[in-house]
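# got a predicted structure here, sequence first:
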2 protein chains.
Amino acid sequence: MSVELGDVGGLSIGILGGTGDQGKGLARRFALAGHQVLIGSRDATRAQEAADGLGAGLPVRGAENARVATEADVVIVAVPWDGHRSILESLVSELAGKIVIDCVNPLGFDKQGAYALDVEEGSAALQAAAVLTGSRVVAAFHHVSAVLLLDPEVAEIDLDVLVLGDDREATDIVRALASRIPGARGIYGGRLRNARQVEAFTANLISINRRYKAHAGLRVTDV
Amino acid sequence: MSVELGDVGGLSIGILGGTGDQGKGLARRFALAGHQVLIGSRDATRAQEAADGLGAGLPVRGAENARVATEADVVIVAVPWDGHRSILESLVSELAGKIVIDCVNPLGFDKQGAYALDVEEGSAALQAAAVLTGSRVVAAFHHVSAVLLLDPEVAEIDLDVLVLGDDREATDIVRALASRIPGARGIYGGRLRNARQVEAFTANLISINRRYKAHAGLRVTDV
């Protein structure tokens, strides 16, 4: 893919696991920014219901995950962690050659709150890269609050989206996509081997949200 | 210790490994804020030289680590990672009952930059808590740039200091101490078990600094 940064507005965006809050929230914001969005689910009917639920007039459709993976220019993986590996293994050929954005946070929860789970490959992003050997895997959108993404009263999201990956062009494109969400800014956040701590930091944001009754995000200073 | 948050200005601060840039930078800022500061080193002479090097008129002295651990009200651990466990094991009794602030980042470096090291206990902070069973271990000050701390041209540090720990009063005191550095703000960042990703995120900041030629820090939004 040879996409100029200025061209990202024309990219269609597929969201695997798009019926969850994070997926629906990203779908809504990218559709509002003018992107064709495809919400994916195992069940095409549920996917279409999620698309319809985002409101009339938005360029969002629902379809089975495999069809979304085939049709979309860029694919976001927003499935629950426990289905992460299996869904990616089922879509290796559909996702070949594409930019695949993993935003999954492997977290556990107990009465003390959230904590990071150990992942054999080191992180969800590294697991995706290990499974999708023909794709251009980028990690991003871990920290953005689904509540804010879905809230019609929230016009701008006060957040830097950390974008990690080993493919410079792919991370540049995803940074440009992140910046299409009003208020948000895509910032390069390091190589894929350093995605684990970005995923895990979502546990800290959950603690911060609980303590301060907030929807906290991060901004990177001096950049 | 029963310190009111408003009282933290009277606390003396010891810095183990205070002859490194991070230690000296924190020493300088806390001394400028009016705290009595004790720089610790294995070698008392080197410690005093580091104190003298911060400039005349600041309330900073140097001493051996053991003396610093004994005399200071609050002790910051700013030693290199490879000396972390051994120095703490040598100071268990001196540090008993005290708030001990661990700011150590277990990182490795190769030609692709920085990466997080695996730590048997899970993180430097958890290692400190495992060794210092009688101390009140808090994790903080991982991301603050030594360059900015030491730069006389930099009046304010644009940064939130994430403060992690399981002892509410101790984290409140350390948050108040962090906020004594002009521009900085101490924010509760979660329990000690979630310190690993905060330590490891320093590797990402190093990547960000390289990409953007910056001294990047974090701000937490909506808090």
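Happy to help now that I have it.

# and the pLDDT for the residue sitting nearest the centre point of chain A?
What sits nearest the mean C-alpha location of chain A, by Cα atoms, centre = their mean, is residue A:103, with 4.0 Å. Per-residue pLDDT puts residue A:103 at 98.

# so it is in contact with residue A:75, correct?
No - contact criterion Cβ atoms under 8 Å: residue A:103 and residue A:75 do not qualify, at 11.2 Å. For every residue, glycine as well, the C-beta is placed using N, CA and C.

# can the lowest-mean-pLDDT helix or strand in chain A be found next to chain B?
Using mean pLDDT, DSSP states H and E, helix A:146-150 stands out as the lowest-scoring helix or strand of chain A, at a mean of 94. No - contact of helix A:146-150 with chain B is not found when judged by Cβ under 8 Å from any Cβ of the partner chain; the minimum separation is 8.6 Å.

# can you classify residue A:115 as helix, strand or coil?
strand (DSSP: H, G, I helix; E, B strand; the rest coil).

# if you could redo that for residue A:156, that was the one I meant.
Secondary structure, three-state DSSP: residue A:156 is coil.

# likewise for the one 5 residues further on?
Using three-state DSSP, the secondary structure recorded for residue A:161 is strand.

# residue A:39 now?
Counting by three-state DSSP, the backbone at residue A:39 sits in strand.

# bridging residues for the nearest residue to residue A:107 once chain neighbours are set aside?
Leaving aside its sequence neighbours, residue A:107 sits nearest to residue A:114 (Cβ to Cβ, 6 or more residues apart in numbering or on different chains; 4.9 Å). Judged by DSSP bridges, the bridge partners of residue A:114 are residue A:109.

# need the contact list for residue A:114.
A:107-108, A:202-203, A:206-207, B:194 (Cβ atoms under 8 Å, 6 or more residues apart in numbering or on different chains).

# what does residue A:182 give?
A:29, A:33, A:155-157.

# do residue A:54 as well
A:24, A:27-28, A:31, A:60.

# any idea how far residue A:148 lies from residue B:152?
Relative to residue B:152, residue A:148 is positioned 40 Å away (Cβ to Cβ, to the nearest Å).

# between the two, which is the more surrounded one?
residue A:148 (19 against 8; other Cβ atoms under 10 Å in any protein chain shown).

# helix, strand, or coil at the closest residue to the residue nearest to the centre of chain A other than its chain neighbours?
Among residues not flanking residue A:103 along the chain, residue A:141 sits closest, at 3.9 Å (Cβ to Cβ, 6+ apart). Secondary structure state of residue A:141, per three-state DSSP, is coil.

# residue A:141 contacts residue A:104, doesn't it?
No - look at residue A:141 against residue A:104 with Cβ under 8 Å: they stay out of range, at 9.7 Å.

# which residue ranges of chain A form helices?
A:21-32, A:44-53, A:65-71, A:84-89, A:124-131, A:146-150, A:168-178, A:196-212 (DSSP state H).

# for those helices, give me a markdown table that also has distance to residue B:64.
Output for the helices of chain A, formatted as a markdown table (distance: least, Cβ to Cβ, whole Å):
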| stretch | distance to residue B:64 |
| --- | --- |
| helix A:21-32 | 52 |
| helix A:44-53 | 64 |
| helix A:65-71 | 62 |
| helix A:84-89 | 51 |
| helix A:124-131 | 44 |
| helix A:146-150 | 51 |
| helix A:168-178 | 47 |
| helix A:196-212 | 35 |
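
# which residues touch residue A:104?
Contacts of residue A:104 by Cβ under 8 Å, 6+ apart are A:77-81, A:84, A:124, A:199.

# give me the buried entries from those.
When these are checked for burial by 16 or more other Cβ atoms under 10 Å in any protein chain shown, the buried set is A:77-79, A:81, A:84, A:124, A:199.

# gap between residue A:171 and residue B:198?
Distance from residue A:171 to residue B:198, by Cβ to Cβ: 23 Å.

# then residue A:84?
Noted for residue A:84: a distance of 24 Å to residue B:198, by Cβ to Cβ.

# what is the neighbour count of the residue nearest to residue A:103?
27.

# run through the residues of chain A sitting next to chain B.
By the rule Cβ under 8 Å from any Cβ, the part of chain A lying against chain B is A:112-116, A:158-159, A:162, A:164, A:187-191, A:193-194, A:196-198, A:200-201, A:203-204, A:207-208, A:211-212, A:214-223.

# switch to 6 Å and redo it
Residues of chain A found near chain B (Cβ under 6 Å from any Cβ of the partner chain) are A:115, A:158, A:188-190, A:193-194, A:197, A:200-201, A:203-204, A:207, A:211-212, A:214-223.

# buried subset of the residues you listed as a PyMOL selection?
In PyMOL, this line selects whichever of the residues of chain A next to chain B come out buried by 16+ other Cβ under 10 Å:
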select buried, chain A and resi 115+158+188+189+190+193+194+197+200+201+203+204+207+211+215+216+217+218+219+220+221+223
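
# save the contacts of residue A:104 as JSON lines, and put in pLDDT too.
Listed next are those as JSON lines, based on pLDDT from 0 to 100:
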{"residue": "A:77", "pLDDT": "98"}
{"residue": "A:78", "pLDDT": "97"}
{"residue": "A:79", "pLDDT": "96"}
{"residue": "A:80", "pLDDT": "96"}
{"residue": "A:81", "pLDDT": "97"}
{"residue": "A:84", "pLDDT": "98"}
{"residue": "A:124", "pLDDT": "98"}
{"residue": "A:199", "pLDDT": "98"}
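
# ok, of those, which one's closest to chain B?
Closest to chain B out of these is residue A:199 (8.1 Å), distances taken as Cβ to the nearest Cβ.

# for residue A:59, see how far away the residue nearest to the closest one when sequence neighbours are not counted is.
Of all residues not flanking residue A:199 in the chain, residue A:105 sits nearest, at 4.8 Å (Cβ to Cβ, 6+ apart). Applying Cβ to Cβ, the value for residue A:105 to residue A:59 is 28 Å.

# among these two, which residue is more densely surrounded?
Neighbour totals were compared for residue A:105 and residue A:59, and residue A:105 leads with 23 against 14 (other Cβ under 10 Å).

# and that one, what does it touch?
Applying Cβ atoms under 6 Å, 6 or more residues apart in numbering or on different chains, we find residue A:105 in contact with A:142, A:199, A:202.

# mind redoing it with 10 Å?
Contacts for residue A:105 (Cβ atoms under 10 Å, 6 or more residues apart in numbering or on different chains) come out as A:22, A:80-81, A:114, A:116-117, A:123-124, A:142-143, A:198-203, A:205-206.

# same question for residue A:8.
By Cβ under 10 Å, 6+ apart, the neighbours of residue A:8 are A:33, A:35, A:73-74, A:172-180.

# any of the contacts of residue A:182 buried? List them.
Applying 16+ other Cβ under 10 Å to the contacts of residue A:182 flags A:29, A:33, A:157 as buried.
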